[in-house]
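**Student:** The amino acid sequence is not available; the structure is as follows:
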DNA sequence: AAGGGGTGTCGAAGCGCTTCGACTGGGGTA
DNA sequence: TACCCCAGTCGAAGCGCTTCGACACCCCTT
């Protein structure tokens, strides 16, 4: 393995000069610089990551903590992860993958051993035991999602309150007076997961504000559960004509269930989903939806982290505004009683 | 940050003694050992990863290269990734996440900079440009999937040839005489992806062996594509009564399409999927399927890698035998012409 | 009683890099 | 002409750990 000393010898300079050529931290004459660069290429030199990290106190590695939990929608997570890795590489960093099941100890481990320079933590709960740890850690971190007490933290998330409200507004604007939120599995609510709770809040508040009925129910992933949940919902509230769905894996079966129950989408039942665009577009009919800008959020998380690493300031909480795209699954409600 | 010297001072021993206590590479008296361990706890000492890596020439980090490609089924990949991380942790290793879009250069980068000790490469194509690089790298690697020329490599994969054959045998045993393979999107075949090609091979060979009709067609992910593909298939071959599906995301819509076309599953059309068990079980009816043992393969990959790191020998190619679970989507074919 | 072989511990070297301070020489200034 | 400054380069000192050889010391053997 070729070292910096080999390069220095080959170029006829000191090792430190090679280092400065590579880092650009001191001015080097054009002549020397080019000679060194030629040697680097000729020898195929790659700086040793550990040596560099040891000397510079920087590993150039970010930790990414991904959830492994029930009810999480995997493709969206993968989009986050991909965005994080890609953006990290843009800033010359690599990504160490941690699973949430290592818990707070895992964070301490990688942080205190200087394995990583900073952390990105996904799927943060409202009362997350990792949050106090993150606060004490001697390195910056960014949360995707945000806890109840976000003091001193940097958090980025889609504004799910607004997302829930947007869905209600869209349906209310179309004349719907009775709406339901078909949510994530109940385990997700019980965990006090931020995005689920906040969507619910936005949904309930907006329904109240608009003076429409807004009921909500969690929903498990199996076909039978979906069928049962919807049947129950429609028998309890037969006048419901608008559905908000925040539960990506049930979308396909749900359309089935509605069909089976004789409810046409959108004629008998308007439907807005909170899901990735490609999922919405793949359905028949294509779904009106609030999309999850996973890539944008992942990018943003890494950019903030890099900024913090460089000593810059970033906002404590960045809420990405949701956008609703109307597609074929929503239409105006024709009120038969006044028609 | 507390260093090994701090621990040594606190315990009244030399730094090297602390090191030996921690690594167990030399015998240490019970007395000293316990004293050192107490100091380690008291001070909350964590060895610095870079220093350790530099001195020992081992980073204790594995690279995991995941695909980011069209047509890959994300949840299965995630299962692989999760298994790899979890198993790596069991062996006291961490996992660096690389995306395939860094290509062969990415492998060289992390390997030659000693960022990682070994690599796990997923989604290997029959003619994969990363394979020659992997051969030359000064560290062990394990491929999930395997290329045409696997000489000198360690590969682990589900035996997809057998998987394809199993599906045919299952259907043929039930009396079906005309079968179709509904495969991955054509882009996956064009890339010469191993699992798709091999399943096809197994399917075709088994059909021939069993003397049944076996036609195959790729299938894109959109609903319209599925509808069109199936219509075309059934109009070209109206006597098809058995379907093998290797394309996880289309499974839900496909069941829809069949219903819409008036084909009941399994009465009019038996269906075997090659997919994760939970996907098969979530459908109505539950699908007979060959499962993808992602966890087992991921575990195995890491175990082989660790064995290689320790100088042990591992088989060049490990083919995990597929298992077919019969569920509600297949039933005996009643031949109306002889009935 | 002398010698030999373990066992347990220490000190120092070194892993490959960054970075600091110091040095040199040439060009500008006074 | 003397001086200063700056650009450009070097050497050395670490960064925090592992590991090798050496060294005591004790117990056992003969």
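**Tutor:** It's in. Bear in mind the structure is a predicted one, so any value in this text is a computation, not a measurement.
**Student:** Can you show me the helices along the stretch 51-200 of chain A?
**Tutor:** A:74-90, A:103-112, A:130-136, A:160-173, A:186-190, A:194-210 (DSSP state H, counting those that start in this stretch).
**Student:** winner for burial among the ones you listed?
**Tutor:** helix A:160-173 (a mean of 23; mean count of other Cβ atoms under 10 Å in any protein chain shown). All C-beta spots, glycine's among them, are computed from the backbone N, C-alpha and C.
**Student:** any idea of the angle that helix forms with helix A:194-210?
**Tutor:** For helix A:160-173 against helix A:194-210, the angle by axes from the mean of the first three to the mean of the last three Cα atoms, to 10 degrees is 40 degrees.
**Student:** counting contacts, what elements does helix A:160-173 pack onto?
**Tutor:** On a contact count with 3 or more Cβ pairs under 8 Å, 6 or more residues apart in numbering or on different chains; DSSP states H and E, helix A:160-173 meets strand A:178-182, helix A:194-210, strand A:242-245, strand A:270-274, strand A:288-290, strand A:324-325.
**Student:** can I get the ones you listed in JSON lines with distance to DNA strand C and mean pLDDT?
**Tutor:** JSON lines is the format used below for the helices and strands packed on helix A:160-173 (distance: least, Cβ to the nearest atom of the strand, whole Å; pLDDT from 0 to 100):
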{"stretch": "strand A:178-182", "distance to DNA strand C": "52", "mean pLDDT": "97"}
{"stretch": "helix A:194-210", "distance to DNA strand C": "38", "mean pLDDT": "94"}
{"stretch": "strand A:242-245", "distance to DNA strand C": "51", "mean pLDDT": "96"}
{"stretch": "strand A:270-274", "distance to DNA strand C": "45", "mean pLDDT": "97"}
{"stretch": "strand A:288-290", "distance to DNA strand C": "45", "mean pLDDT": "97"}
{"stretch": "strand A:324-325", "distance to DNA strand C": "47", "mean pLDDT": "96"}
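**Student:** Dump those into TSV; add distance to residue A:146 as well.
**Tutor:** Formatted as TSV, the helices and strands packed on helix A:160-173 follow (distance: least, Cβ to Cβ, whole Å):
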stretch	distance to residue A:146
strand A:178-182	21
helix A:194-210	6
strand A:242-245	22
strand A:270-274	17
strand A:288-290	18
strand A:324-325	22
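**Student:** ok, back up a step: looking at the helices of the stretch 51-200 of chain A, which is closest to DNA strand D?
**Tutor:** DNA strand D lies closest to helix A:103-112 among those, at 9.9 Å (Cβ to the nearest atom of the strand).
**Student:** Assign residue A:299 to helix, strand or coil.
**Tutor:** helix (DSSP: H, G, I helix; E, B strand; the rest coil).
**Student:** which residues touch it?
**Tutor:** Listed by Cβ atoms under 8 Å, 6 or more residues apart in numbering or on different chains, the contact partners of residue A:299 are A:83, A:86-87.
**Student:** try 10 Å
**Tutor:** Contact analysis of residue A:299 by Cβ atoms under 10 Å, 6 or more residues apart in numbering or on different chains lists A:80, A:83-84, A:86-88, A:90, A:156, A:293.
**Student:** Repeat that for residue A:220.
**Tutor:** Contacts for residue A:220 were tallied using Cβ under 10 Å, 6+ apart; they are A:70-71, A:184-187, A:226, A:228-229, A:247, A:249-250.
**Student:** Residue A:203 now?
**Tutor:** Neighbouring residues of residue A:203 by Cβ under 10 Å, 6+ apart: A:160-161, A:163-168, A:179-181, A:183, A:214-216, A:244, A:246.
**Student:** Touching, residue A:161 and residue A:274? I think so.
**Tutor:** No - assessed by Cβ atoms under 10 Å, residue A:161 is found out of contact with residue A:274, at 12.0 Å.
**Student:** any shared contact partners between those two?
**Tutor:** Taking Cβ under 10 Å, 6+ apart as the contact rule, the neighbours common to residue A:161 and residue A:274 are A:195, A:199, A:322.
**Student:** neighbours of residue A:328, just the number please.
**Tutor:** Number of residues near residue A:328 (other Cβ atoms under 10 Å in any protein chain shown) recorded here: 15.
**Student:** average model confidence for stretch A:302-322?
**Tutor:** The pLDDT scores in stretch A:302-322 average 95.
**Student:** And the residue of the stretch 151-300 of chain A that's closest to DNA strand D?
**Tutor:** Closest point on the stretch 151-300 of chain A to DNA strand D, by Cβ to the nearest atom of the strand, is residue A:152, at 25.6 Å.
**Student:** For that residue, grab the count of nearby residues.
**Tutor:** Residues contacting residue A:152 under the criterion other Cβ under 10 Å number 9.
**Student:** Can you tell me the closest non-neighbouring residue to it?
**Tutor:** Leaving aside its sequence neighbours, residue A:152 sits nearest to residue A:135 (Cβ to Cβ, 6 or more residues apart in numbering or on different chains; 5.7 Å).
**Student:** Next, work out how far apart that neighbour and residue A:109 are.
**Tutor:** 17 Å (Cβ to Cβ, to the nearest Å).
**Student:** hang on, residue A:210 packs against residue A:172?
**Tutor:** Yes - Residue A:210 is within contact range of residue A:172, at 4.3 Å (criterion: Cβ under 10 Å).
**Student:** Which neighbours do those two have in common?
**Tutor:** Taking Cβ under 10 Å, 6+ apart as the contact rule, the neighbours common to residue A:210 and residue A:172 are residue A:179.
**Student:** residues from chain A in reach of DNA strand C?
**Tutor:** A:1, A:3-5, A:15-16, A:19-20, A:22-23, A:25, A:45-48, A:51-52, A:54-56 (Cβ under 7 Å from any atom of the strand).
**Student:** so of those residues, which ones are in strands?
**Tutor:** Counting by DSSP state E, no part of the residues of chain A next to DNA strand C is found in strands.
**Student:** Can you turn the buried part of these into a PyMOL selection?
**Tutor:** Selection command for PyMOL covering only the buried members of these, criterion 16 or more other Cβ atoms under 10 Å in any protein chain shown:
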select buried, chain A and resi 3+4+19+20+22+45+46+47+48+51+52+54
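**Student:** could you point out where chain A is predicted with low confidence?
**Tutor:** Along chain A, the parts satisfying pLDDT under 70 run over A:69-72, A:335-339.
**Student:** okay, now the domains of it?
**Tutor:** Each domain of chain A is listed here as a residue range: A:4-47, A:61-158+A:294-321, A:160-292, per automatic domain parsing.
**Student:** And these: which comes nearest residue B:258?
**Tutor:** domain A:160-292 (12.2 Å; Cβ to Cβ).
**Student:** Contact partners for the closest residue to DNA strand C within the stretch 151-300 of chain A?
**Tutor:** Residue nearest to DNA strand C within the stretch 151-300 of chain A: residue A:154 (24.4 Å; Cβ to the nearest atom of the strand). Counting by Cβ under 10 Å, 6+ apart, residue A:154 touches A:134, A:140-143, A:146, A:301, A:304-305, A:307-308, A:313-318.
**Student:** hmm, 8 Å instead?
**Tutor:** Residues counted as contacts of residue A:154 (Cβ under 8 Å, 6+ apart) are A:140-143, A:304-305, A:308, A:314-318.
**Student:** Would you mind saying which of the helices of the stretch 51-200 of chain A lies nearest residue A:333?
**Tutor:** When those are compared by Cβ to Cβ, helix A:160-173 sits nearest residue A:333, at 8.1 Å.
**Student:** tell me the angle of the closest one relative to strand A:178-182?
**Tutor:** Using the same axes, to 10 degrees, one finds that helix A:160-173 and strand A:178-182 are set 150 degrees apart in direction.
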